[in-house]
Structure formats: C-alpha cells, structure tokens
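> Got a predicted structure here, sequence first:
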Amino acid sequence: MEKRQQLYEGKAKKVFLTDSEDLLIVSYKDDATAFNGLKKGQIAGKGIVNNRMSNMLMQLLEKEGVPTHFVKELSERETLVKKVKIVPLEVIVRNVSAGSFAKRYGVEEGIPFDKPTIEFSYKCDELGDPLINSYHALALKLATEKEIETIKKYAFKVNDVLKAYFLELGVRLIDFKLEFGRLNDGSIVLADEISPDTCRFWDAKTNEKLDKDRFRRDLGGVEEAYAEMFKRVTGEKA
Ligand code: ADP
Ligand code: UDP
C-alpha cells in the first residue's frame, strides 16, 4: 500500500490518501489538546499507545459483531483504515458520572449509573461541539433515523464488550467517545480511535485516573498512565 498526499492534519492524528480510493493511512501524533484546543501539549509515546490500543480494541469489537474501519496495523504509529464519510456526531456513552456530565448536572464524579447513558455532540470545532439530541441531529440532517438507531445499538454494544474487557484488566470504563462513518455502500462502521484520549479509565482498586484527565487537569504522571494502560492491554512494556 503506497502512502500518498496528506489529506488532513487533526489535533491528534494525520490522515493520508493511499493508492487505493477506499483506504486511508492514519498516523498518530504525540500532540495533546484539551478544552477545544485551548490547552496544548505533548505526551511522549502517546501516538504509539493510542495506535496499538485502538487497533487491538477495534479487532476485538469486529469479532463481537461491531463493524469497524480497521484494516491493518502498518507500524507503531500508522494504520490502514477504510475511508469513511464521518457522521459529524461525537457519541458519548457513560457508566459513571464524570467530566461534563458531573459539571452540567451538578453532581460529584464517581456515581455509578443503573443503566449506561448515551448523548450526542455536534462535531463542529467552531461551535465547540454543542450537545444535541437525536431530533436535532435529524433536523440538521447529520444522520438518518435508521443511522441513529444503528449508531446507538453499536455504541451500547461497544460499551458491553469493552466494560467487561477492561474489568478483566483491573480497569473501570467510566465513559468514552465514539465516532462513526459511512462506507461507500452506505453502511455504518465504527471509525476514529478508542484510546486514553477518548475514554476515561480508572484503576479498579484505587480509582486512580489512567487517561487524558491527567493531562487536562495537570495531575502529573501523564506518560506513566498511558504506559500503564498500554501494558495492561498489550501485556508489553511501553
Ligand atoms: P480532530 O479532527 O478532532 O483534530 P484527529 O486529530 O484525531 O481529530 O484527526 C483525525 C480525523 O480523521 C478526525 O476528524 C476523524 O473524524 C477522521 N477520521 C477518523 N477515522 C476516519 C476514517 N476511517 N475515514 C475518514 N476520516 C476518519
Ligand atoms: N471526549 C473525547 N473528545 C471530546 C469530548 C469528550 O474523546 O471532544 C471523551 C472524553 O475523553 C470522555 C468522554 O468523551 O471519556 C466524556 O467527556 P465529557 O463529556 O465528560 O467531556 P470533558 O470532561 O472531556 O469536557
């Protein structure tokens, strides 16, 4: 597979065209941002952790019946994926109160929910990714009713699979963000990444944060947290 020109440089990844119309190469950077790009930094080795972890999780999810964009890991930082048209929704599933949920509704972090929740943000940097509901998504023609149903079904399935998977590794899956896309035939697949950038992971014994909140909140030990998640998921030292 030949890498062609860069299509896009995002906050955490670069995306390249390839000699195949239907395939892209994503390259994971160490750059980190938070608060809609207001806070900027670097997390050494993050690109490697996120690439490898995301690929392992996507392969697990494929086996469990969730279609994904994953094709092949090319190197530590680069992966071949199916090119999709991204549905401009950030799909957030939560098991425990944290982050913007705790802030918005005035509750403390760490309250477990009886049932997982789902919410959508309109993926639009200029607007700061505003929270919307599925009626708004339909009104804005971001997705069809059928697509929204499929996305919800896949998102809860991802939660079931990953919650159990991480618990085995001594990690509580608190919440996470997913992105979905459309293939040429119109079918919906899971895209983007699943990593400590996009999930909240708390150690099951100590509730220590093992995710990007260490960077967002200046808690220190950022690289160490990513390395710890890498070790638990791959069994290898980062
Ligand atoms: P951002 O755009 O938020 O800064 P990234 O730095 O992660 O985020 O950039 C990766 C971009 O590639 C994102 O906009 C994401 O929606 C998009 N993307 C992820 N997977 C695919 C895919 N399979 N096909 C096309 N675009 C994708
Ligand atoms: N998230 C993300 N990208 C975003 C916003 C949120 O990956 O642009 C993830 C975040 O890492 C967390 C979950 O989605 O795992 C819920 O985030 P929340 O809404 O609590 O927002 P935050 O506290 O990050 O502002």
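Everything's here; your move. Numbers count the residues shown, from 1 in each chain. Ligands and ions are numbered 1, 2, ... in the order given.
> How are the helices of the protein distributed by residue range?
With DSSP state H as the criterion, the chain has helices at 46-63, 99-105, 134-139, 145-168, 213-216, 222-234.
> Tell me which of these sits nearest to Glu9.
Closest approach to Glu9 among the helices of the chain (Cβ to Cβ): helix 46-63, 13.2 Å. (C-beta placed from N, C-alpha, C; glycine too.)
> and that closest one with helix 222-234, angle?
For helix 46-63 against helix 222-234, the angle by axes from the mean of the first three to the mean of the last three Cα atoms, to 10 degrees is 30 degrees.
> which secondary structure elements does helix 46-63 contact?
Using 3 or more Cβ pairs under 8 Å, 6 or more residues apart in numbering; DSSP states H and E, the elements in contact with helix 46-63 are strand 23-28, strand 70-73, strand 78-82, helix 145-168, helix 222-234.
> nearest to Arg4, of the ones you listed?
Arg4 sits nearest to strand 23-28 of all the helices and strands packed on helix 46-63, at 8.7 Å, using Cβ to Cβ.
> Get me the contact residues on this protein for ligand 2.
Counting by Cβ under 6 Å from any ligand atom, the residues of the chain close to ligand 2 are 90, 92, 98-101, 129, 175-177, 198-200, 212.
> re the thing from before, mind putting the helices of the chain into TSV with mean neighbour count, mean pLDDT and distance to Leu17?
Shown next, in TSV, are the helices of the chain (neighbours: other Cβ atoms under 10 Å; pLDDT from 0 to 100; distance: least, Cβ to Cβ, whole Å):
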stretch	mean neighbour count	mean pLDDT	distance to Leu17
helix 46-63	21	98	19
helix 99-105	13	98	35
helix 134-139	15	98	29
helix 145-168	16	98	25
helix 213-216	20	98	31
helix 222-234	20	98	29
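> of the ones you listed, which approaches Gln5 most closely?
When the helices of the chain are ranked by proximity to Gln5, the top entry is helix 46-63, at 20.3 Å, counting by Cβ to Cβ.
> so how far is that closest one off the chain centroid?
Here the centre of helix 46-63 is set off from its chain's centre by 10 Å, with Cα atoms, centre = their mean, to the nearest Å.
> Give me the contacts around it.
12, 27-30, 32, 68-70, 73, 76-79, 157-158, 161-162, 165, 190, 193-197, 223, 226-227, 229-230, 233-234, 238 (Cβ atoms under 8 Å, 6 or more residues apart in numbering).
> go on, stretch 74-88?
1, 18, 21-29, 47-48, 51-52, 54-55, 69-73, 122-124, 142-143, 147, 151, 179-183, 188-189, 191-192.
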